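In: Everything below, folded, please.
(one chain, ligands or ions: 1)
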Amino acid sequence: MSFTEQQIKAALSAAVDPNTGKDFVTGRAAKNIKIDGDDVSFDIELGYPAKTQIDAIRKQVIAAVRTVPGIGNVSANVFTKIVAHSVQMGVKLLPGVKNIIAVASGKGGVGKSTTAVNLALALAQEGASVGILDADIYGPSQPQMLGLAGQQPESKDGQSMEPLEAYGIQAMSIGFMVDVETPMVWRGPMVAQALDQLLGQTNWRDLDYLVVDMPPGTGDVQLSLTQKVPVTGALIVTTPQDIALIDARKGLKMFEKVNVPILGIVENMSIHICSNCGHEEHIFGTGGGEKMCADYDVEFLGSLPLELAIREMADGGKPTVVGAPDSRTAEIYRDIARRVAVKIGEKAKDMTSKFPNIVVQNT
Ligand SMILES: Nc1ncnc2c1ncn2[C@@H]1O[C@H](COP(=O)(O)OP(=O)(O)OP(=O)(O)O)[C@@H](O)[C@H]1O
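Out: Here you go, the predicted structure:
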């Protein structure tokens, strides 16, 4: 052997993870370096799902280590390990759920539910175990978007409910419990009770991420939900016009108030590309989302076009990420999903589960 472990580490610290922007040593991804004669093997542990990129990352780190003089065979085991990250103080994690991502908007109709479902499906496509909780009591649209309309969750014990499944993700919605065609007048306590039931009585099965489609707006219902749900981070969806941005700012403030970190902002319906001539038009204005992010020091996670196919696929029960997985739009959703997962991965790990239960016995 004509090289040292130090040289291997130096080579790996010259390679930067394109998703985190950190090198593989500083980011603590490189582990378990083993040298056997001239051959080297090591692990790269990613804290976010990246199934579509594992191959590229493997090639990148192998190429980096091959630069070490005298090196023989190099093998890298690249894998993902998602852990639970901290939530608001005093709120307990949900059983079977590691991380919760709240998807919110300041006002209705900006595409929050469409973004939430595509984000959930994109995280699953990248290899994570994902659920979606449709808490949008005013317009539960996830059953329709996931092709589950008219179905009802099963209960094995008469107390708790099993989430339904579509395209590999688990789903629970207030829409499975009420007739969405019949307008309902929800009084405060009814809303709270229904949401409590959804939150506390769903048997989520081993989720890395639960995406919560929040009710639009920043009123009392939304505020109490953000206090009750153990949220790891929130994402705000807005359209570029001023009125939506003003409301999105209120959303930012609401999460700040309850100490939920903002993962970033997604701008929806940013640009319209004419399907006939390809002409690009900023129907709702331009640059608003990015300016808001700069003003408030939050990340601009990406922007989605105003596109007929997004609406047709979501409303038709097969959202873009699964309906057209090779499209540019699906790629944008996957990029946003990876950014969100990386941001969560950078947050402090949840330590509550590390503390042993202390039992005081009277003898
Ligand atoms: N980028 C887009 N391009 C075209 N249509 C879109 C886009 N995003 C969402 N839509 C469509 O706009 C409508 C409203 O979207 P969605 O239900 O996701 O909004 P929302 O903010 O969740 O609304 P609400 O607050 O009422 O629940 C839907 O018909 C959806 O298919």
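
In: switch to C-alpha atoms for all contacts and neighbour counts from now on
Out: Fine.

In: Which positions in the chain make contact with the ligand?
Out: 108-114, 139, 216, 268-269, 304-308, 310-311, 314-315 (C-alpha under 6 Å from any ligand atom).

In: Identify all contacting residues around whichever helix or strand residue 209 is part of.
Out: Assigned by DSSP states H and E, residue 209 belongs to strand 207-213. For strand 207-213, contacts defined as C-alpha atoms under 8 Å, 6 or more residues apart in numbering pick out 82-84, 96-104, 112-113, 116, 120, 128-136.

In: the strands in the protein, which residues?
Out: Counting by DSSP state E, the chain has strands at residues 30-36, 39-46, 74-80, 97-104, 130-134, 164-166, 169-173, 207-213, 233-238, 262-267, 272-273, 280-281, 300-303.

In: Adjacent strands (with direction) for the last one?
Out: If you go by DSSP bridges, strand 300-303 pairs up with strand 262-267 (parallel).

In: I'd like the distance from the partner strand to the chain centre, please.
Out: 11 Å (C-alpha atoms, centre = their mean, to the nearest Å).

In: now what about that strand, what contacts it?
Out: 233-240, 252, 255-256, 289, 293, 298-304, 340, 343-344.

In: State the pLDDT value of residue 181.
Out: Note on residue 181: pLDDT of 63.

In: circling back to that earlier point, which entries within the contacts of strand 262-267 meet the buried criterion?
Out: 233-240, 252, 255, 289, 293, 298-304, 340, 343-344 (16 or more other C-alpha atoms under 10 Å).

In: thinking again about what came up before, CA atoms only: put the strand holding residue 209 into PDB for me.
Out: Only the C-alpha atoms of strand 207-213 are listed here, as PDB (Å, rounded to 0.1, in the frame of the first residue of the first chain):
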ATOM      1  CA  LEU A 207     -42.900   7.200   6.900                       C
ATOM      2  CA  ASP A 208     -39.700   9.100   6.200                       C
ATOM      3  CA  TYR A 209     -41.900  12.100   5.300                       C
ATOM      4  CA  LEU A 210     -45.500  13.100   5.800                       C
ATOM      5  CA  VAL A 211     -46.600  16.000   3.600                       C
ATOM      6  CA  VAL A 212     -49.400  17.900   5.100                       C
ATOM      7  CA  ASP A 213     -51.700  19.800   2.700                       C
END
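
In: For this protein, which segments count as helices?
Out: Under the criterion DSSP state H, the chain contains helices at 5-12, 54-66, 112-125, 142-145, 188-200, 220-228, 242-257, 288-296, 308-315, 320-323, 328-346.

In: picking that back up, can I get the strands of the chain in CSV including distance to residue 225 and mean pLDDT?
Out: Shown next, in CSV, are the strands of the chain (distance: least, C-alpha to C-alpha, whole Å; pLDDT from 0 to 100):
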stretch, distance to residue 225, mean pLDDT
strand 30-36, 39, 94
strand 39-46, 31, 96
strand 74-80, 31, 96
strand 97-104, 10, 94
strand 130-134, 12, 96
strand 164-166, 22, 97
strand 169-173, 15, 96
strand 207-213, 10, 96
strand 233-238, 12, 93
strand 262-267, 16, 93
strand 272-273, 34, 82
strand 280-281, 37, 80
strand 300-303, 24, 93
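
In: okay, those in JSON lines with distance to residue 20 next?
Out: Shown next, in JSON lines, are the strands of the chain (distance: least, C-alpha to C-alpha, whole Å):
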{"stretch": "strand 30-36", "distance to residue 20": "14"}
{"stretch": "strand 39-46", "distance to residue 20": "10"}
{"stretch": "strand 74-80", "distance to residue 20": "14"}
{"stretch": "strand 97-104", "distance to residue 20": "19"}
{"stretch": "strand 130-134", "distance to residue 20": "21"}
{"stretch": "strand 164-166", "distance to residue 20": "30"}
{"stretch": "strand 169-173", "distance to residue 20": "25"}
{"stretch": "strand 207-213", "distance to residue 20": "19"}
{"stretch": "strand 233-238", "distance to residue 20": "17"}
{"stretch": "strand 262-267", "distance to residue 20": "14"}
{"stretch": "strand 272-273", "distance to residue 20": "30"}
{"stretch": "strand 280-281", "distance to residue 20": "31"}
{"stretch": "strand 300-303", "distance to residue 20": "13"}
